[in-house]
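[1] Got a predicted structure here, sequence first:
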Amino acid sequence: MKMWLPMIGMTALPNIGGLFTGLITRREVETWYPTLKKPSWRPPNSAFPVVWTCLYTGMGYGSYLIWKELGGFTEDALVPLGLYGLQLALNWAWTPIFFGAHKLKWALVEIVFLTGTVGATMVSWYPISRTASLLLAPYLSWLCLATALSYCIWRDNPEKKKE
């Protein structure tokens, strides 16, 4: 049983953060988000919870594979799991910036840093576990789409000047 606990915990962790950020999103998707101009190619709102559940589960399991391969939270794990933790924090921060504070420009800047950090995480994971690194590939692809979407929303919805 002890061997299953780290796998379950590390796989569940990103989903738990996703649930909390989903509370912010849920309100705003019904009120503020519909008022924004969005590109015609954006995914339907109903796709986001399904996609994020899959992505969070994959990244969480990948982090477990790295943790296991490196013998836990060792000195060797500092960079690969540190980058993972940083990207997870950046991931969770995007929703309050975009949906909570309605700061479109800052959300765009943030998601660019997030995407780069996920790329760096993949590079650091690859020599340790190719499988773990490849589990992040759908996430990186989705972030590229999300970055383009964030850019279009920022571009097409200029901030109103305060008088």
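    Structure received. Residues are numbered from 1 along each chain as shown.
[2] Which parts of stretch 31-38 count as buried, going by neighbours?
    If you call a residue buried by 16 or more other CB atoms under 10 Å, then stretch 31-38 has these buried ones: residue 33. Placement of C-beta: from N, CA and C, glycine included.
[3] who's in contact with it?
    For stretch 31-38, the surrounding residues in contact (CB atoms under 8 Å, 6 or more residues apart in numbering) are 45, 99, 102, 149, 152-153, 156-157.
[4] How about stretch 141-156?
    The contact list for stretch 141-156, computed with CB under 8 Å, 6+ apart, reads 36-39, 42-43, 51, 55, 98, 104-105, 107-108, 111-112, 114-115, 118.
[5] Would you map the helices across this protein?
    In the chain, the helices defined using DSSP state H lie at 4-30, 47-69, 78-95, 104-125, 130-135, 137-156.
[6] what angle separates the third one from helix 4-30?
    What that stands for is helix 78-95. Angle, helix 78-95 to helix 4-30, by axes from the mean of the first three to the mean of the last three CA atoms, to 10 degrees: 20 degrees.
[7] What is helix 78-95 packed up against?
    Here helix 78-95 is seen to pack against helix 4-30, helix 47-69, helix 104-125 when contacts are counted using 3 or more CB pairs under 8 Å, 6 or more residues apart in numbering; DSSP states H and E.
[8] What ranges in the chain fall below the confidence cut-off?
    Across the chain, the ranges flagged by pLDDT under 70 are 1, 162-163.
[9] in stretch 95-114, what counts as buried?
    By neighbour count on 16+ other CB under 10 Å, the buried set for stretch 95-114 is 95-100, 103-104, 107-108, 110-111, 114.
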